[in-house]
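**Q** return atomic coordinates for the entry below.
(one chain, ligands or ions: 1)
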Amino acid sequence: MKIEGKEYRTIWSENNIVKIIDQTKLPHQFIIKDLQTVNDAMNAIKVMEVRGAPLIGATAAYGIVLAIIENNDQTFLKKSAENLISSRPTAINLKWAVDRMMNRLSGVNSDKILEIAFNEAKDICEEDIKFCENIGLNGLKIIEEIYNKKKDTVNILTHCNAGWLATINWGTATSPIYHAHKKGIPVHVWADETRPRNQGANLTSYELTEEGIKNTIIADNTGGILMQRGEVDMCIVGTDRTLANGDVCNKVGTYLKALAAHDNNIPFYVALPSSTIDWNIKDHKDIPIEERNSEELSHVEGLDEKGDIKKIQIYPKKSKAMNLAFDVTPAKYVTGLITEKGICEASEKGLKGLFK
Ligand code: MRU
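**A** Okay, here's the model as predicted:
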């Protein structure tokens, strides 16, 4: 998708160097960063220079490539794979991508391993783009249906950033929106600010604006009253881990939006590529929920009057703060799952119908 009119992907490689857009600096600065070692890749995931479930998976895949460039040795590779998987705990895509790389490389001769690893990492990216595009085409049908009834702007609420910046291109939750916009359907997005890291404001609103899509940032607690006032036609969010029973784990606050949508009879859709499905965990209480540094709550970053990025403390110095990064929305509150293969009920039957 575009930034200042120029097409970008979130990650790509040039001459054995991996390139990313440093998302910690958006929207104030657009910086392309080089990842040259597996440690660079791990760190980029940890500090969220790259974030969003599919993108951290792709970065970890390239992390494996960088590990091979650094030290083409099986013990180093295995240790690097473990470290990459543990760099963020909640999004299943991370483990999915590393496992896929390691399975592909198993038994490969050391003189061929780099080329094969590069190709596999590129395939992961190309596949994600295709899947996200299909999610868009499938989700477009829902937006079209609402538009055909309403004959007026379709108002869509989203939480966090499940946009192209969270994937390689298109996004998951935003892909149906981009497709609707391209088709000439008037859409407007309510972008939940998404405290504490403000991905909704800093990334979703930013990328939608760059693509010319009308959007409004709202404080996280505003969705409820907008729904009561009839100003939300549908919600679409992403997911970091979707259980086989249809429960979805996404950025903290998603659950509360689903409850409000349920109370107001508003369709609540979750968009995902199949790399986000966890077929193993049966009970959502077993999902590892990331707890991040409380400084993300107590401090905020923004531009000062000189235009420099500055971090300031906003909480009382002696107060304790807690920063859980994800929550779980039970399947019963999810109207449907929008996947690359079609839309299904949020249930084991629904998912298994699409993915054997
Ligand atoms: O903490 P983040 O910014 O990595 O969280 C991202 C989200 O919660 C997204 O909604 C999710 O990864 C889906 S991405 C298409």
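
**Q** any idea how this protein splits into domains?
**A** 2-127, 141-354 (automatic domain parsing).

**Q** what residues does the stretch 151-300 of the chain have near the ligand?
**A** Contact residues (C-beta under 6 Å from any ligand atom) of the stretch 151-300 of the chain with the ligand: C160, A162, A166, T167, T172, Q199, G238, T239, D240, N250, K251. Where C-beta positions appear, they are placed from N, C-alpha and C, glycine not excepted.

**Q** name the nearest residue to the last one, sequence neighbours excluded.
**A** If I follow you right, that is K251. Residue nearest to K251 in three dimensions, not counting chain neighbours: C160, with 3.6 Å by C-beta to C-beta, 6 or more residues apart in numbering.

**Q** that neighbour touches N202, doesn't it?
**A** No - at 10.6 Å, C160 does not count as touching N202 under the criterion of C-beta atoms under 8 Å.

**Q** tell me where the longest helix sits in this structure.
**A** In the chain, with assignment by DSSP state H, the single longest helix is helix 113-150.

**Q** that helix: what's the following helix or strand?
**A** Once the chain leaves helix 113-150, the next helix or strand it forms, by DSSP states H and E, is strand 154-158.

**Q** please name the nearest non-neighbouring residue to whichever residue of the chain sits closest to the ligand.
**A** Relative to the ligand, the nearest point of the chain is G238 (2.7 Å; C-beta to the nearest ligand atom). Among residues not flanking G238 along the chain, A162 sits closest, at 2.5 Å (C-beta to C-beta, 6+ apart).

**Q** residue contacts, that neighbour?
**A** G52, G171, T172, A173, T174, T204, I236, V237, G238, T239, N250, A271 (C-beta atoms under 8 Å, 6 or more residues apart in numbering).

**Q** okay if I get those as a markdown table plus secondary structure and pLDDT?
**A** Shown next, in a markdown table, are those (DSSP: H, G, I helix; E, B strand; the rest coil; pLDDT from 0 to 100):
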| residue | secondary structure | pLDDT |
| --- | --- | --- |
| G52 | coil | 98 |
| G171 | coil | 98 |
| T172 | coil | 98 |
| A173 | coil | 98 |
| T174 | coil | 98 |
| T204 | helix | 98 |
| I236 | strand | 98 |
| V237 | strand | 99 |
| G238 | coil | 98 |
| T239 | coil | 98 |
| N250 | strand | 98 |
| A271 | strand | 98 |
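
**Q** cool, thanks, signing off.
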